[in-house]
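In: A predicted structure for the sequence below; I have some questions about it.
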Amino acid sequence: MRATWLLVATCLTAGCYNYAPLTTTTPDPGAFLAATLTDSGSTAMARYLGPDVMRVRGRYLSSDDSGLQLSVTGVELKRGDEIFWKGETVVVPAHYVASLEVRRLAKGKSYLLAGASAAGLVITTGLFTLTGRGSARPGSGRPPPL
């Protein structure tokens, strides 16, 4: 039963996210960003990020004259592959960034996920109740009264 509630809690706290263009001049510290690199940026950053990197995703740490400091969670290659990182810090010079997007919670998709998860739980619980597969095994417990 605990496993069921843990699964429910995980599904209900999970969310769907979209990346939207950054509307402020400076992102909030800790915000998740996606920086799309220019072609020259991809070439220049190859020794830090790997070859053919098109987009860098990670948590925003700070920015200064040297560029954007990110704790990188992943990179997307030009051919579409994604490579996951473990939070290594990389500085991306501003002139190598073609566009900057911030990750935002997609409320509609998240509500849909939560609703589908809750409906699945209700249906599963109902099926086990109707078929009797969720009850105790025969022979366990007390004998029937005389």
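Out: Noted; the coordinates are in hand.
In: which stretches of this protein have low pLDDT?
Out: When residues are selected by pLDDT under 70, those of the chain lie in 1-15, 105-146.
In: Break it into its domains for me.
Out: Domain assignment for the chain, taken from automatic domain parsing, gives 1-16+106-133, 18-105.
In: distance between the ends of stretch 57-70?
Out: Start-to-end span of stretch 57-70 (Cα to Cα, to the nearest Å) is 8 Å.
In: hey, where'd the helices end up in the protein?
Out: 2-13, 39-44, 46-49, 107-131 (DSSP state H).
In: Would you mind listing the buried residues in the second one?
Out: The one in question is helix 39-44. By 16 or more other Cβ atoms under 10 Å, the buried positions in helix 39-44 come out as 41-42, 44. Just so you know, the C-beta spots here come from the backbone N, C-alpha and C atoms, and that holds for glycine as well.
In: give the contact list for the residue lying closest to Gly41 once chain neighbours are set aside.
Out: Nearest non-adjacent residue to Gly41, counting by Cβ to Cβ, 6 or more residues apart in numbering: Tyr96, 2.8 Å away. Residues near Tyr96 by Cβ atoms under 8 Å, 6 or more residues apart in numbering: 37-38, 40-42, 44-45, 67.
In: Out of the residues you listed, which comes closest to Pro27?
Out: Checking the contacts of Tyr96 against Pro27 with Cβ to Cβ, the nearest one is Gly67 at 13.4 Å.
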